[in-house]
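Undergrad: please work out how this folds:
(2 chains)
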Amino acid sequence: MAESRDDFIIAIRSAFLKKSTKQKFSLLTLAFFSIFIIVLSNLNFKAITVTKSVIKEIVYRSSFIVSIPENFIKSSYLNLNEYSTFYQDFKRIEEELDQLKSENISTKIIKSENEELKSLIDGYSFTSNKILAKVIVDHESPFLRSIIINKGSKEKIKIGTNIYDRNYLVGRVIEVNYTNSRVLLLTDLNSNIPVSIIPGNVQAIVVGNGDKKGEIKYIKNDLINKINDEGIAYTSGTGSIFRSGTPVGTVDLKNENEKILINFYSDFTQLKYVFAEIDELMPTTVEIEENNQTNVSSNTEQIKLDLISDELQILEESNTKFLKENKELNTLSNELTKQIEILKAENEFQKNVIQQHDLNQEELEFLRLNLIYSAKCQSKKLFSKGFKVGTPEYKECIMRKGKISD
Amino acid sequence: MIKFEKKNLLYKIYTWLPILALFISVFNEFDLNYLNIDYFSFNFPFILIFYFVLKAYHRFDYLLVFLAGLFNDTVVGLPLGLSSLSYILICIFATYLRNITISPNLIKDWFYFLFIISLINSINFSVLFLFFSYELDITLFIINNFFTFLFYIVFSIFFKRFLKSLND
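TA: Down below sits the predicted model:
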C-alpha cells in the first residue's frame, strides 16, 4: 500500500517538476505562469495593457500572414463560383438596380426630411465619418464570433465604435489596439442589439445565437403577434450602443422551435472590408446659416451668453404669467369650496324634510287604521284581550289591522 | 516512403513538423476547432499536444506549447493565458500517464484522454462563465469534447506513422 502511494507521488513529482534534457522550464512553472498571466491580464495597469497590445499586434499580423494561403484558396474558390453563375447574377442585378434606383429617389427625400426634422428637434445632428477597414483575421471560434480589422486607436477607433458592411450593421468594437481592433459580431452570444421591428414598431432586443442568426428576446408576449414574417428590424438606438435607424435584418418565423429569429442582411463569413463609423458632433446647416447672419459677434461664448440671457428673460416672463394664473385659480378654488359648502347644507336640509315626510305618512296611516280597528284593540272590560290606548302594543295591534296576536 | 538524409535541412524541418502544425493551427483562420458545420467541431491542438507529450517527442518543447496557447488566446479572443493553462495541464497529465505506464495501450490512452479533455473543458467553461461572465453554449463544449475524443484514434494513426518515419 505504502509502495503504491510512493509510486504515485514519484510519478506526480516527475510530471510536475522534472525537466527532460531539452526542456527549459518545468510544467509546474509554466502552469503557475499561465495563472499569473490570467490574473495579470485582468488588471488595468498601463504596463500590462501596453504589453498585451504589443503581443496582439504581433499575433494578429502573424495570423494574417499565416492565413494568406488559406485565404487565397478560399477567394479562388469563391471567384470560380462567381464566374459559373455570372449571367444569372447579371440579370438579377439588373432588375435589382432598376428597383433600387426608384427606391433611391424616395430614400433621398426621406433623408432630407429626416435632416430637417432633426435640426428642428435640437439644432444638432450627428454626422458620421465612415472609414474603410480591412478584415485581417476572421477566426471563427465556436465560442466567440469576432473579427480583427486593420484600424485602431491611431484612426480614432474607440471601444463601442459601430462597424458596418455597406449600410448594414455588423457589430461593434470591443478591443482597441494601436493599429487594429477586435469587432464583436452581431451573431455572438454576448451581443445584444436594441431594435425596432416594422410593421408594428415593436421594440425588442436581438441576441446573437452563436451561429448565423439572431434571436429576438425580451419582448412583451402580447406584442409577439404583431411581428410579421419578413418584417424588418433596424436599430432603435436605445441605450446609445448602436446608432438608430441602421438596418439589421429580416424576421424569420419559420423556426421549428418557435423562436423568432433574425436573418442578418450581411453574411459575416464573407466580410473582407467593413466601415467603421467615427461620430463627430457637427452643427447643422441651419445653425451655420444663423451663425453667418449674426456675424456681428464672432465670439461664440458671447453668443451663448446672449442665448442664455434671452432664455432667462423668457423664463421670467412665463414665471410671472404662471404666478398670476395661479392666484386667479386659487380665488376660483375658494369660491368653489364655498359653493360646495352651501350645497352640502341644502342637501342636509332636504334630507331632513324627506325624513319628516316619511314619519308623517306613518302617523297618518295609524290614525286612519285607528278609526277602523280601535274597538278591536282597546281593553274595555276586565277580561277582554285588548291593550291600553297609547301603548306601543296598542299601536302595533292597530297597524296589524286589529289582530291581537301574530 | 520518403526518406531523408539526416542533418539535411528538410529533415530538420520535418522533425519540427508537430510544433509547426500546432502553431499553424493556432494562427490560421482555418480552425479545426470550428469547421462551420452544425454540431461538429474538435480541438486539434489538444490531440496533438497529448499525443506527442505522451510519446516524449524531443522537439515538443513545453515553452513552445505555452506560447502557442498564448497566441491561440489572442487570435480567438479568450482571456490571455487560459489556453496556455489548458495546454500545460494536458502536458502534465500526459507526462503523468507516461510515468505510470509500463506497457502502453492505445485504448487506455484514448479513455484517459477523454477524462483529461473533459476536465480541461469543464475548467475552461467554469472560468469563462464564472470569472469572465462569458455567455457560452455548453452544448458546443460537449460536442467539441466528444469529437476531439473520437478523432484522437484517427490522428494517432497518422502521428504513429510520422514517428515511425523518423525512426526509420
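
Undergrad: every contact and neighbour count from this point should use C-alpha atoms.
TA: Fine.

Undergrad: could you list the domains of chain A?
TA: A:126-289, A:297-406 (automatic domain parsing).

Undergrad: among these, which is nearest B:Leu63?
TA: Nearest to B:Leu63, of all these, is domain A:126-289, at 24.0 Å by CA to CA.

Undergrad: quick one: least confident helix or strand in the chain?
TA: Defaulting to chain A. Across the helices and strands of chain A, mean confidence by mean pLDDT, DSSP states H and E is lowest for helix A:285-293: a mean of 58.

Undergrad: after it, next one along is what?
TA: helix A:300-377 (DSSP states H and E).

Undergrad: that older thread, can I get the domains of chain A in TSV with distance to B:Phe147?
TA: Compiled in TSV, these are given as follows (distance: least, CA to CA, whole Å):
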stretch	distance to B:Phe147
domain A:126-289	13
domain A:297-406	68
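
Undergrad: what about the helices in chain B?
TA: B:9-15, B:17-27, B:44-54, B:62-76, B:82-100, B:106-126, B:138-167 (DSSP state H).

Undergrad: in the stretch 301-406 of chain A, where is pLDDT below threshold?
TA: A:301, A:303-304, A:380-384, A:405-406 (pLDDT under 70).

Undergrad: go again with 90.
TA: A:301-327, A:331, A:353-406 (pLDDT under 90).

Undergrad: re earlier: redo the domains of chain A as TSV? Include distance to chain B.
TA: Listed next are these as TSV, based on distance: least, CA to the nearest CA, whole Å:
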stretch	distance to chain B
domain A:126-289	5
domain A:297-406	46
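
Undergrad: quick one: neighbours of B:Asn167, just the number.
TA: B:Asn167 is flanked by 7 other residues according to other CA atoms under 10 Å in any protein chain shown.

Undergrad: check what pLDDT the residue most central in space within chain A gets.
TA: Nearest residue to the geometric centre of chain A (CA atoms, centre = their mean): A:Thr238, 4.8 Å. With respect to pLDDT, A:Thr238 has a value of 77.

Undergrad: who's in contact with the closest residue to it other than its chain neighbours?
TA: Nearest non-adjacent residue to A:Thr238, counting by CA to CA, 6 or more residues apart in numbering or on different chains: A:Pro194, 6.0 Å away. By CA atoms under 8 Å, 6 or more residues apart in numbering or on different chains, the contact set of A:Pro194 is A:203-206, A:235-239, A:242.

Undergrad: try A:Ala133
TA: By CA under 8 Å, 6+ apart, the neighbours of A:Ala133 are A:149-151, A:273-276.

Undergrad: how about the secondary structure of it?
TA: strand (DSSP: H, G, I helix; E, B strand; the rest coil).

Undergrad: the strands in chain A, which residues?
TA: A:124-137, A:146-149, A:162-165, A:168-176, A:181-185, A:192-198, A:202-208, A:214-217, A:232-235, A:247-252, A:261-264, A:273-283 (DSSP state E).

Undergrad: got JSON lines for those strands, with mean pLDDT too?
TA: Listed next are these as JSON lines, based on pLDDT from 0 to 100:
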{"stretch": "strand A:124-137", "mean pLDDT": "72"}
{"stretch": "strand A:146-149", "mean pLDDT": "88"}
{"stretch": "strand A:162-165", "mean pLDDT": "88"}
{"stretch": "strand A:168-176", "mean pLDDT": "88"}
{"stretch": "strand A:181-185", "mean pLDDT": "89"}
{"stretch": "strand A:192-198", "mean pLDDT": "85"}
{"stretch": "strand A:202-208", "mean pLDDT": "86"}
{"stretch": "strand A:214-217", "mean pLDDT": "84"}
{"stretch": "strand A:232-235", "mean pLDDT": "85"}
{"stretch": "strand A:247-252", "mean pLDDT": "85"}
{"stretch": "strand A:261-264", "mean pLDDT": "87"}
{"stretch": "strand A:273-283", "mean pLDDT": "72"}
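
Undergrad: and of those, who's closest to B:Leu114?
TA: strand A:146-149 (29.1 Å).

Undergrad: you'd agree A:Leu27 is up against B:Cys91?
TA: Yes - proximity of A:Leu27 to B:Cys91 meets the contact threshold set by CA atoms under 8 Å, at 7.4 Å.

Undergrad: quickly list what's touching both of those two.
TA: Counting by CA under 8 Å, 6+ apart, the contacts common to A:Leu27 and B:Cys91 are B:Tyr62.

Undergrad: against chain A, how distant is the spatially most central residue of chain B?
TA: Note on chain B: the residue nearest the mean C-alpha position is B:Phe46, at 2.2 Å, using CA atoms, centre = their mean. Remark: distance between B:Phe46 and chain A (CA to the nearest CA, to the nearest Å) = 15 Å.

Undergrad: show the pLDDT at that residue.
TA: pLDDT, B:Phe46: 92.

Undergrad: returning to what we had before: which member of the contacts of A:Pro194 is positioned nearest A:Ile55?
TA: Nearest to A:Ile55 out of the contacts of A:Pro194 is A:Phe242 (CA to CA; 29.6 Å).

Undergrad: look up phi and psi at the closest one.
TA: Backbone torsions for A:Phe242, taken as degrees, to the nearest 10, come to phi -120, psi 150.

Undergrad: contacting residues for it?
TA: By CA under 8 Å, 6+ apart, the neighbours of A:Phe242 are A:162, A:193-194, A:235-236.

Undergrad: rerun that using 7 Å as the cut-off
TA: Going by CA atoms under 7 Å, 6 or more residues apart in numbering or on different chains, A:Phe242 touches A:162, A:235.

Undergrad: before we move on, the earlier item: look up which residues are beta-bridged to the residue nearest to A:Thr238.
TA: A:Ile205 (DSSP bridges).

Undergrad: now do the one 4 residues further on
TA: Counting by DSSP bridges, A:Ile198 is bridged to A:Ile232.

Undergrad: contacts only, for it.
TA: A:231-233.
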